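[1] sequence isn't available, so here's the structure alone:
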């Protein structure tokens, strides 16, 4: 099935989110839509899916103009969409979710799920999804939930599948699995519109790439186009993708974690006997697949965990057993993993968010009374310094794009003298232009002599920032390796091999290859 | 369809909250225009009800086609008489027989006083993310504590009143604090707990009125009269009921406005209310916030109890709280959980109460119409999309169009 968008324009009041966009998706093609956050990709797809009515322009399927007045029309025409935030009912089973909206019933309106179960099994078997139709969605990992969304579309016989930022929520492994699924779907004749701002993924999977900036198509590219070229097309200016980072000049080891063990409320070991230390002026990057104890490690330092043993020493002071307030006061800057959930109060203004953990300090407040003038002035300065793109510092934080929200969090945490800086997923869901900026600020903090811990599931980021790299697996430390270690080594460690065994295995492989060659 | 677009326009939900919480938040944080329009629409519908139930209108409509003007003028006079009487009763009525009766505005202020306190109680808790349905119970406890020291002790002037005020605030604070404590320590939902505490409060006061607090000279479950020193001084002499509690209420509005908007404590409450996880990560003690905000909220509701017993009722009975605790929720809703909004909403409800009687007497319209109008206000505020579609107001788009 061939899909064509002709001159699609969608405006919201004065704002033109899509400006005369032309796009052709051929049958059995993986077509990537590349653009920064806020470029208008999702708006375009919502037009295509019948959620928005275009202001101008038309949609053609197999050269026939069609008009959608809602998602039901789009689905009937063979378009399926997997939203960035899944549209699943967590307490329903897979089969119930798939049936939702197209339930078949027997006499008396009794729900008949057997057909759906069979269909789920069939699709699941055909593409090797490995999804149990009777599993509860809330029990499934995110990657599998995404497959349920894909199954939903396939059961409704979608010929064109729109994937809106599907990898934003996935671990590197899950991303690889998703790409495999996409290739299979393509082989089966399904067209895929893949929306992303991650250059590597787009290059790896696409047949055609269309780049959108500020609501306009600014060009299309072959997958062979260089990453730098794609990035500058997307951002609209030359982007430096490799970070200029001087070698670290580590000072004293001021941050020491010894024998740290964290238990869950249910008595499960989340972190198991972790010991490491970080020196002044050094970045320790913590790698690992999501959910292997990284979150718990950062939260334990901040004092968010109850069942904790071992010791966390900062500058000679014990942090274990202190409240979050006391830890922050001890000089810890903390960027949480999920800025919307933990880092910001969405309905507060940017100015208020910039003092979210400083509001008790002078000059922001005195005698329990906030000083609005000082807070406002602080906001003006930080917005300028961190290049937060906003109309006014009094705007609510949730009006900002992800990258700008992250700048606000970073601006707040870096705006006081620190003895330790911890950032979890500092650039998750952030556009390329902002990543560059955020990385520079983190390195600048290191160069100012602060010990820095960066937790990331993105190997690129780990390799770019880390002076040393620690790898966590199932709550255990697999070892700490130098910053310039190979991806293969890190991959093996992330899969659960201690550093020396992983190295030995790599050396062994190299030796056998040598042996075979001679 | 339009609704669908509105929701689809939000690319990333700002905070993961339940549908119910989100709805309540939308209701409580809408703009003042919606509030005003809700009142207008409620009054219009109330007017229709007044007209159709008026026998003069039905009589005139019998010969509608012969003389349509007669029906229309009957409708007009029916509605204008009723609302005119309501308005005059609540403000100034030159036709009243006594000059005290002419100045209904002071009755409005008297009725508004406890509503201001209890409305603030609901407003404050709501801003910290807690839905305090328990103002009723907190008022009863406040009145009980205030009464116990008001007729149980005999102290010099000023001192006695201060003790009464503090006791009332303490009583309400205890009752609110229980809900806050249970929420913070066990996660018990404050809505359930405060509703249950309402029942306990009413049973408790009945028990005390039959035993410890009973007036020995009366056969009814009613307490002795408050000491004269324990009463709020009347502001305009013995001819009007309006008392110094009103001044305290206005001070409370100013205090809560400062607390919420200017103080570090209020900053904490608002952060906890909007995103408790981010508040915790920023070093705020969320559970302590829940406890202290419910203590303050309960104390405010307790002051409403003081306004009742030391202002207008002068002795304790089981009806001391009337429906104030429940009206308080509506007042806070109408006031958009803002301190001054709550103040003006309380004045409006005070006016309904003061004017309702005048409407019943002078225009022969059932006082129930006031209750109907009040309920309609709640209905329209609780359904902002309804008001928006009636008046074709666009939903304010806080999210820019991103993604």
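    Sure thing, it's come through. In this text the structure is predicted, and so the values were computed from the model without any measurement.
[2] give me the pLDDT for residue 53.
    All of this is about chain A. pLDDT recorded at residue A:53 is 87.
[3] actually, chain B is the one I wanted.
    86.
[4] who are the contact partners of it?
    Residues near residue B:53 by C-beta atoms under 8 Å, 6 or more residues apart in numbering or on different chains: residue B:366. Glycine gets a C-beta too; all of them are placed from N, C-alpha and C.
[5] for the stretch 1-150 of chain A, which residue gets nearest to chain B?
    Nearest residue of the stretch 1-150 of chain A to chain B: residue A:42, at 3.7 Å (C-beta to the nearest C-beta).
[6] separation between that residue and residue A:192?
    Going from residue A:42 to residue A:192 by C-beta to C-beta, to the nearest Å gives 16 Å.
[7] quick one: low-confidence parts of chain B?
    B:1-30, B:384-385, B:392-403 (pLDDT under 70).
[8] name the residue closest to the centre of it, please.
    Nearest to the geometric centre of chain B sits residue B:328, at 2.1 Å (C-alpha atoms, centre = their mean).
[9] isn't that residue up against residue B:112?
    No: at 11.5 Å, residue B:328 does not count as touching residue B:112 under the criterion of C-beta atoms under 8 Å.
[10] quick one: the most far-flung residue of chain B relative to its centre from chain A, how far?
    Here the centre of chain B is the reference, and by C-alpha atoms, centre = their mean the most remote residue is residue B:66, at 47.7 Å. Counting by C-beta to the nearest C-beta, to the nearest Å, the gap from residue B:66 to chain A is 49 Å.
[11] look at that residue and tell me its secondary structure.
    coil (DSSP: H, G, I helix; E, B strand; the rest coil).
[12] for the chain, give the helix that spans the most residues.
    Just so you know, I chose chain A. helix A:499-517 (DSSP state H).
[13] other chain: chain B
    helix B:159-186.
[14] that one: how far from the chain's middle?
    19 Å (C-alpha atoms, centre = their mean, to the nearest Å).
[15] residues in contact with the helix or strand that it is followed by?
    Per DSSP states H and E, the first helix or strand lying C-terminal to helix B:159-186 is helix B:190-210. For helix B:190-210, the external contacting residues (C-beta under 8 Å, 6+ apart) are B:125, B:130-134, B:136-138, B:140-141, B:143-144, B:175-176, B:178-180, B:182-183, B:214, B:221-223, B:294, B:316-318, B:320, B:325.
[16] show me what counts as buried in helix B:190-210.
    B:190-191, B:193-194, B:197-198, B:201-202, B:204-205, B:208-209 (16 or more other C-beta atoms under 10 Å in any protein chain shown).
[17] that older thread, does the longest helix of chain B come close to chain A?
    No: using C-beta under 8 Å from any C-beta of the partner chain, helix B:159-186 stays clear of chain A, with a minimum separation of 13.9 Å.
[18] helices or strands up against that helix?
    helix B:105-127, helix B:135-152, helix B:190-210, helix B:286-307 (3 or more C-beta pairs under 8 Å, 6 or more residues apart in numbering or on different chains; DSSP states H and E).
[19] could you give the angle of that helix to helix B:135-152?
    With axes from the mean of the first three to the mean of the last three C-alpha atoms, to 10 degrees as the basis, helix B:159-186 and helix B:135-152 are set at 150 degrees to each other.
[20] how near is residue A:425 to residue B:226?
    62 Å.
[21] now do the SS call for residue A:9.
    Assigned by three-state DSSP, the conformation of residue A:9 is strand.
[22] what about it, how many neighbours?
    16 (other C-beta atoms under 10 Å in any protein chain shown).
[23] surely it touches residue A:40?
    No: taking contacts as C-beta under 8 Å, residue A:9 lies outside contact range of residue A:40: 10.5 Å.
[24] between those two, which contacts overlap?
    A:18-19, A:21.
[25] mind listing which of those residues are in strands?
    A:18-19, A:21 (DSSP state E).
[26] ok so, going back, and the longest helix of chain A, what's buried?
    Quick answer for helix A:499-517 (16+ other C-beta under 10 Å): A:499, A:502-503.
[27] got the contact list for that helix?
    Taking C-beta under 8 Å, 6+ apart as the rule, helix A:499-517 contacts A:471, A:478-481, A:486, A:488-489, A:492-493, A:497.
[28] ok so, going back, the longest helix of chain B: which residues count as buried?
    Applying 16+ other C-beta under 10 Å to helix B:159-186 flags B:160-161, B:163-184 as buried.
[29] outside of stretch A:309-317, which residues touch it?
    A:254-261, A:273-275, A:300-301, A:318-320, A:330-332, A:419-420.
[30] can you flag the buried ones in these?
    A:254-255, A:257, A:260-261, A:274, A:300-301, A:319-320, A:330-332, A:419-420.
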